[in-house]
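J.: show me the folded form of this:
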Amino acid sequence: MIAAATAVRVVVLDDDRTERDRLGEMLNVEDLKIETLGPSSISETTAAIADVLEGDGPRVVLLDYRLDDAEEASNFRGGSVAATLRDADATRDVPLVLLTTEAKLTAWVESRPGTQDLFDWRLLKGDLREEELPLIRSRLADLANGYWTLSGGELAQEGGWDRIAAALGTERERIASLEDLESELPGGESPAEIGRWILTGPLEWPGPLIDQDEARVVLGVSGESFAGSAVQEWLVPHAYTGLFLAFGPRWWSAPLRGAVADIAGPPGLVDSHARTKALSEVVGARLEAENCSWCDGARTVHVCRVCCRAVDAAHSVRMLAARPPNWADPRVACYTCIAQGRAEDVQLVPEARNIVEKLETGELEQPERE
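T.: Okay, the predicted model is just below:
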């Protein structure tokens with residue numbers, strides 16, 4: 001599904017010469033051709049970027065947000081450059097990466113509605129550590145190749161939901177819930193908009209696709225057992241194989257749940273011990289079950305999005321989230337995280353306020369474990 005591996009052209013725009021040279025050196029590998037630029041006028045800057053990107057092949061642009069606070073300061077910011085590139089025919093389908101610090105993200109970007117929507121991914125400069133560089137390079141290449149695949153070749157010949165299904169590496173029938181519940185065709189015929197929808201929709205929100213924490217809870221096993229080769233091999237038929245694989249493994253939820261039901265039976269779907277026992281027999285390995293983070297019981301149906309542990313539906317509170325898709329599964333925080341103050345920055349549904357207050361004040365205590 002991913003486009004044939006070719007060198008990716010990467011443009012890094014930053015008003016700090018030392019910083020952009022450092023970034024260029026850190027990201028530079030054989031498969032990434034790095035070009036660093038400083039800002040001038042916005043028209044000259046976007047023209048320089050377009051000139052570097054001219055021609056065929058996968059491309060990606062990294063834009064520093066604050067282009068007005070270093071020695072080559074401009075009178076505009078990275079959001080203005082992103083908007084201009086989005087409007088230009090030559091660059092409208094090139095993925096744009098917001099490059100900033102955590103402090104500037106909070107102080108400047110998140111306080112300006114719509115700014116983040118101009119970008120396809122966000123890269124914090126503080127994350128550019130030596131041990132993280134291989135993954136960051138892979139994701140930049142994956143972005144570039146994914147958008148390039150959507151804009152050319154066989155995928156470009158597909159239309160509508162057939163194109164989206166092909167991009168997701170599956171049959172159209174498997175994404176029926178997306179098609180039924182999306183108010184309109186995601187992205188229309190725009191490769192960049194389809195790419196952004198995949199990244200911020202099916203790969204971001206649990207629903208038809210689930211991540212490794214949710215998949216682990218579906219199986220009922222511990223993190224160590226889930227990571228083992230026996231379980232990973234059993235999961236292969238249900239693995240997501242579409243675009244943007246570098247952004248983390250995913251599995252198709254309905255087929256995976258069906259496979260668990262086949263081996264454990266319907267009652268076993270809520271009992272982690274029953275699921276683990278059945279899976280152990282199938283894969284021929286001794287697996288450990290994961291219990292509810294609050295009561296230590298075997299009834300586990302959700303993953304807490306704060307601590308990523310399994311939790312019973314009765315011992316979790318649904319989280320509020322900005323603009324969830326109609327087809328998304330609910331995200332929850334477990335009682336343990338709420339009681340211990342780890343969910344303070346998480347918005348929870350108002351109807352659970354009474355439970356939340358009892359957990360925060362200690363009026364509702366965690367049961368003693370045997």
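
J.: how long is stretch 339-349 from one end to the other?
T.: End-to-end distance for stretch 339-349, by CA to CA, to the nearest Å: 16 Å.

J.: Pro255 and Val218: what is the separation?
T.: When CB to CB, to the nearest Å is applied, the distance between Pro255 and Val218 equals 11 Å. For every residue, glycine as well, the C-beta is placed using N, CA and C.

J.: neighbour count winner among these two?
T.: Val218 (23 against 14; other CB atoms under 10 Å).

J.: surely that one and Pro206 touch.
T.: No - with the criterion set as CB atoms under 8 Å, Val218 and Pro206 do not qualify as a contacting pair; they are 10.5 Å apart.

J.: what is the neighbour count of Asp127?
T.: Asp127 has 12 neighbours, counted by other CB under 10 Å.

J.: what segments of the stretch 1-150 of the chain are helices?
T.: Applying DSSP state H, counting those that start in this stretch to the stretch 1-150 of the chain gives helices spanning 17-27, 42-53, 78-87, 102-104, 133-151.

J.: quick one: list the elements packing against the third one.
T.: Judged by 3 or more CB pairs under 8 Å, 6 or more residues apart in numbering; DSSP states H and E, helix 78-87 is in contact with helix 42-53, strand 59-64, strand 96-100.

J.: show me where the stretch 101-250 of the chain has strands.
T.: In the stretch 101-250 of the chain, strands defined by DSSP state E, counting those that start in this stretch lie at 121-124, 209-210, listed in chain order.

J.: got any ranges where the protein has weak pLDDT?
T.: Along the chain, the parts satisfying pLDDT under 70 run over 1-5, 69-73, 106, 108-111, 113, 153-154, 156-158, 370.

J.: break it into its domains for me.
T.: Structurally, the chain divides into domains by automatic domain parsing as follows: 8-149, 159-200, 209-361.

J.: distance between the first one and the chain's centre?
T.: This means domain 8-149. 19 Å (CA atoms, centre = their mean, to the nearest Å).

J.: can you redo the helices of the stretch 1-150 of the chain as TSV with distance to Asp312 and mean neighbour count?
T.: As requested, the helices of the stretch 1-150 of the chain are arranged in TSV below (distance: least, CB to CB, whole Å; neighbours: other CB atoms under 10 Å):
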stretch	distance to Asp312	mean neighbour count
helix 17-27	44	16
helix 42-53	51	17
helix 78-87	43	20
helix 102-104	34	13
helix 133-151	33	21
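
J.: would you list those in CSV and tack on distance to Thr36?
T.: Converted to CSV, the helices of the stretch 1-150 of the chain look like this (distance: least, CB to CB, whole Å):
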stretch, distance to Thr36
helix 17-27, 4
helix 42-53, 10
helix 78-87, 14
helix 102-104, 19
helix 133-151, 14
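
J.: looking at those helices, which is nearest to Thr6?
T.: In this view, the helices of the stretch 1-150 of the chain are compared for proximity to Thr6 by CB to CB, and helix 133-151 is the closest at 8.1 Å.

J.: only alpha carbons, please: show that closest one as CSV.
T.: Presented in CSV, the C-alpha positions along helix 133-151 are these (Å, rounded to 0.1, in the frame of the first residue of the first chain):
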residue,chain,number,x,y,z
LEU,A,133,15.1,10.2,16.0
PRO,A,134,14.6,6.9,14.1
LEU,A,135,10.8,7.0,14.8
ILE,A,136,10.6,10.6,13.9
ARG,A,137,12.4,10.1,10.7
SER,A,138,10.2,7.1,9.9
ARG,A,139,7.1,9.2,10.5
LEU,A,140,8.2,12.0,8.3
ALA,A,141,9.0,9.6,5.5
ASP,A,142,5.6,7.9,6.1
LEU,A,143,3.8,11.2,5.9
ALA,A,144,5.5,12.1,2.6
ASN,A,145,5.0,8.7,1.0
GLY,A,146,1.4,8.4,2.2
TYR,A,147,0.4,11.7,0.7
TRP,A,148,2.3,11.0,-2.4
THR,A,149,0.5,7.6,-2.8
LEU,A,150,-2.9,9.3,-2.4
SER,A,151,-2.0,11.9,-5.0
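
J.: which strands and helices sit next to that helix?
T.: Packed against helix 133-151, as judged by 3+ CB pairs under 8 Å, 6+ apart, are the following elements: strand 8-13, helix 17-27, strand 32-37, strand 59-64, strand 121-124, helix 191-200.

J.: my guess is Leu143 contacts Val61, does it?
T.: No - using CB under 8 Å, Leu143 is not in contact with Val61; the gap is 10.0 Å.

J.: what is in contact with these two at once?
T.: The contact sets of Leu143 and Val61 overlap at Pro95, Val97 (CB atoms under 8 Å, 6 or more residues apart in numbering).

J.: Arg275 belongs to a helix, doesn't it?
T.: Yes - according to DSSP: H, G, I helix; E, B strand; the rest coil, Arg275 belongs to a helix.

J.: burial of Leu124, as a residue count?
T.: Here the neighbour count serves as a burial measure; for Leu124 (other CB under 10 Å) it reads 14.

J.: so it touches Thr101, yeah?
T.: Yes - taking contact to mean CB under 8 Å, the distance of 6.4 Å between Leu124 and Thr101 places them in contact.
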